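Colleague: okay, here's the prediction I keep looking at, along with the sequence it came from:
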Amino acid sequence: MPRANLFTKMILILILMWIPVALLYGYSNKTTTDVLRQELGESNRNQLAFFQSQVNTNIEMLASWPNLLIHDPDIESFRKLYTNGGYFNLDEINLVKRIQNKLSIQESSSNWKSRLHLYSPSLRRVVSENDARAYDPAELQAQIKPGWQVNRAKDGSEDIFRFSWFTVAPYGIDNPALKAETIVELEFDSRNIQNMLDKFKTDGRHDPFYYREDMGVIYNRSSEHELTGQLLKKLKRSPLPESDNLTVDIDGDSYMVSIALSKETGWYLIDYMPMADMLEPIRKSNLLFYSAILTLLVMGSVAAYLLYVQVQIPIRQLIRGFQKLEQEDYAVRIKPKGRNEFSFLSDRFNRMVDKIQNLFEHVYLEQLHVKEARLKQLQSQINPHFFYNCLSFVTSMAKLGRMDAVVAMSHSLSRYYRYTTRQERELVPLREEVEFVQHYLEIQKMRMSRLDYTVDLPSALLDLYVPPLMLQPLVENAVIHGIEPHAEAGMIRISGLLDAAGSVVLRVEDNGGGLEESERAKLDRRLAEPMSEETGCGLWNVNQRLQLRGGREAGVRTEESELGGLTVLLKWNENAVKESDGEETLRRRSV
């Protein structure tokens, strides 16, 4: 799982810091909103109840007028009035005038526009403020009912509701339109209620209206009829309570609905307000709070980003630089950005790497010089060893009087000496090394007639370059330690192979006595250790020279030979040798 960087961690910390704040604010906001809704609902219900009480008071006051008028002396006189003709005399006319004045005074005593009608069944006349006319008893009898009577009517193009109240004296008689002494009718229309609804609406965000299921709706004059209709559809789904606060959703908007029933008229007073309007201050406060949180989060993110860019990235570059430096990549450099403490560190890091690179270059060149000196020392150790053996052979042949062998040895020795004295080269073709070994074997064959040898090397292998005097010590050991001590031995085979990967194996085998497995293991260990008196100089030098050229994987190995004796193997990788030679050449050129 990838590790989170500093920027990600800081953003997570900021988010985790703001989550509890946002949750706490959300909870506080919800609590405040619920309390506000409850208080607003209670306040609206109280206002609605107060408004309803005002309307009811006016209605009750109007309903009390007929009772007062019935006991008026003039009206009592009017109820006892009987006429035989169709016209009033002067006293009766004056009585009617006084009654009309009293009706007018009574109607003007209220802010509501109302009308009073005084019916006299005995006279079959009805007296109003401006008229005294006959009436139809049957029609009147159909209108007289207990309580308030409401009828839909039209006043021009306006739909209105007419409210009427009848008071009969004496009470409880049948067929009052014919048998009653006096009937007083009070009448007013819904425009009085509309006026009060309009005044109530101007006090706030209300939109009140009256509703009765069997009659309809009394709107205020600026009411939204379509919205009110949608609200009533929602409310009709369940019985309306006498008094309650409800929340109704219409087209995705929530409305607070307050309901109050007028028991006098049977009409519901309904008021609704958009919740968005009531909660607008809270919404603005929420918007301000969340905007502040978002702003702080953005500012925190910017600060975290700046910290990430100015601190985390330079630290990461320094870490990567040290990791590459640990992997011996001395070409690594850090590009400083800006002018701050980390640019100073980056500049000092680059200077330090420059100094380390220069130091390692000098040390590496010194190591190369040590290797070259060591190679020349090893080579100088090999040359006298073989030269002394040859001189010993010439001496022996001269003592035996074999001048042909002395001449042949002298000729081969001169070829050998010419080969060794011009070995200023670090590498020679394997073909020349094999020719040199063949001269050596020819000399040994002069000394031991039973000695025979074969060379089986591919042409591609002969074209490779190898350190000089690398193969001769192996052949010399095979002759001295494998052939000479055993009279029946006399065969030496030189073979090799080169595979596609560049691995090279040269074999020098003999059919001598060989070595036991434990002795071979002991010899391999001595070759890997520093040279001692028990370790042969030739094999040890060859092993060291191969490892100096081809790495620790290269060197001398031993195994049992198919011929019956010992096999000595030279192993290295040609590609590794080429890379090493290329580096050495490059270093020399740089110096």
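Modeller: Structure received. Numbers count the residues shown, from 1 in each chain.

Colleague: which residue ranges make up the domains of the chain?
Modeller: The chain breaks down by automatic domain parsing into domains covering 71-187, 195-280, 361-590.

Colleague: go through those and find the least confident stretch.
Modeller: Among the domains of the chain, domain 361-590 has the lowest mean pLDDT, at a mean of 77.

Colleague: centre of the chain to that domain, how far?
Modeller: 69 Å (CA atoms, centre = their mean, to the nearest Å).

Colleague: can you check stretch 269-288 too?
Modeller: The answer for stretch 269-288 is 35 Å, by CA atoms, centre = their mean.

Colleague: neighbours around Gly538, how many?
Modeller: 22 (other CB atoms under 10 Å). (Each C-beta comes from the backbone N, C-alpha and C, glycine too.)

Colleague: give the next helix or strand downstream of the helix or strand where it lies.
Modeller: According to DSSP states H and E, Gly538 maps onto helix 537-550. As assigned by DSSP H and E, the chain's next helix or strand after helix 537-550 is strand 555-560.

Colleague: neighbouring strands for that next one, and are they parallel or not?
Modeller: strand 566-573 (antiparallel) (DSSP bridges).

Colleague: now do the strands in the stretch 1-150 of the chain.
Modeller: Listed in chain order, the strands of the stretch 1-150 of the chain (DSSP state E, counting those that start in this stretch) span 114-120, 125-127, 132-134, 149-155.

Colleague: tell me which residues are up against the second one.
Modeller: Contact with strand 125-127 is made by 78, 96, 99-100, 103, 117-120, 132-135, as judged by CB atoms under 8 Å, 6 or more residues apart in numbering.

Colleague: same thing with stretch 324-331?
Modeller: Residues contacting stretch 324-331 (CB under 8 Å, 6+ apart): Val332, Val353, Ile356, Gln357, Phe360.

Colleague: among these, which are in helices?
Modeller: Cross-referencing the contacts of stretch 324-331 against helices under DSSP state H gives Val353, Ile356, Gln357, Phe360.

Colleague: buried subset of these as a PyMOL selection?
Modeller: Buried residues among the ones in helices among the contacts of stretch 324-331 (16 or more other CB atoms under 10 Å), as a PyMOL selection:
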select buried, resi 353
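
Colleague: of the ones in helices among the contacts of stretch 324-331, which is the nearest to Ser190?
Modeller: Set against Ser190, the nearest of these by CB to CB is Val353 (97.7 Å).

Colleague: wait, what's in contact with that closest one?
Modeller: Counting by CB under 8 Å, 6+ apart, the residues that Val353 touches are Gly321, Leu325, Tyr330, Val332, Arg333.

Colleague: so where do the helices sit in the stretch 201-350 of the chain?
Modeller: Ranges of helices within the stretch 201-350 of the chain are 225-235, 275-278, 280-307, 313-326, 341-400, based on DSSP state H, counting those that start in this stretch.

Colleague: can I get those in CSV with distance to Val434?
Modeller: Output for these, formatted as CSV (distance: least, CB to CB, whole Å):
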stretch, distance to Val434
helix 225-235, 111
helix 275-278, 104
helix 280-307, 70
helix 313-326, 45
helix 341-400, 16
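
Colleague: hey, which of those helices is tucked in deepest?
Modeller: helix 275-278 (a mean of 16; mean count of other CB atoms under 10 Å).

Colleague: which neighbouring elements make contact with that helix?
Modeller: Based on contacts counted as 3 or more CB pairs under 8 Å, 6 or more residues apart in numbering; DSSP states H and E, the elements that helix 275-278 packs against are helix 6-70, strand 253-261.

Colleague: on that earlier part again, of the contacts of strand 125-127, select the buried ones using a ChimeraX command.
Modeller: Listed next is the ChimeraX selection for buried residues among the contacts of strand 125-127, using 16+ other CB under 10 Å:
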select :78,96,99,100,103,117,118,119,120,132,135
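
Colleague: now, the most widely separated pair of the contacts of strand 125-127?
Modeller: Farthest pair in these, by CB to CB: Leu103 and Ala134, 17.8 Å.

Colleague: which of the ones in helices among the contacts of stretch 324-331 lies closest to Asn511?
Modeller: Nearest member of those to Asn511, counting by CB to CB, is Phe360, at 50.5 Å.

Colleague: list the contacts of the closest one.
Modeller: Going by CB under 8 Å, 6+ apart, Phe360 touches Tyr330.

Colleague: measure Glu442 to Tyr453 for me?
Modeller: 9 Å (CB to CB, to the nearest Å).

Colleague: more neighbours: which of these two?
Modeller: More neighbours surround Tyr453 than the other of Glu442 and Tyr453, with 22 against 16 (other CB under 10 Å).

Colleague: what distance separates the start and the end of stretch 445-461?
Modeller: 26 Å (CA to CA, to the nearest Å).

Colleague: give me the contacts around it.
Modeller: 393, 396-397, 405, 408-409, 430, 434, 438, 441, 444, 479, 483-484, 487, 489-498, 504, 506.

Colleague: derive a PyMOL selection command for the buried subset of the residues you listed.
Modeller: Selection of buried members from the contacts of stretch 445-461 for PyMOL, criterion 16+ other CB under 10 Å:
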select buried, resi 393+397+405+408+409+430+434+441+444+479+483+484+489+490+491+492+493+494+495+496+498+504+506
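
Colleague: next step: the contacts of stretch 445-461 restricted to helices.
Modeller: Phe393, Ser396, Met397, Ala405, Ala408, Met409, Leu430, Val434, Gln438, Leu441, Gln444.

Colleague: pipe those residues into TSV and attach distance to Thr247 per row.
Modeller: Listed next are these as TSV, based on distance: CB to CB, whole Å:
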residue	distance to Thr247
Phe393	124
Ser396	129
Met397	130
Ala405	129
Ala408	126
Met409	125
Leu430	102
Val434	108
Gln438	114
Leu441	115
Gln444	119
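
Colleague: that older thread, and of the helices of the stretch 201-350 of the chain, who's closest to Ile173?
Modeller: Among those, helix 225-235 sits nearest to Ile173 (CB to CB), with 41.2 Å.

Colleague: go ahead and list the helix or strand containing Ala521.
Modeller: helix 517-528.

Colleague: tell me what angle that helix forms with helix 537-550.
Modeller: 60 degrees (axes from the mean of the first three to the mean of the last three CA atoms, to 10 degrees).

Colleague: what helices or strands is helix 517-528 leaning on?
Modeller: Looks like helix 517-528 contacts helix 537-550, strand 555-560 (3+ CB pairs under 8 Å, 6+ apart).

Colleague: coming back round to it: could you single out the nearest of the contacts of Val353 to Leu569?
Modeller: Once CB to CB is applied, the member of those that ends up nearest Leu569 is Tyr330, at 36.9 Å.

Colleague: number of nearby residues for that closest one?
Modeller: Using other CB under 10 Å, Tyr330 has 16 neighbouring residues.

Colleague: the one 3 residues further on too?
Modeller: Residues contacting Arg333 under the criterion other CB under 10 Å number 13.
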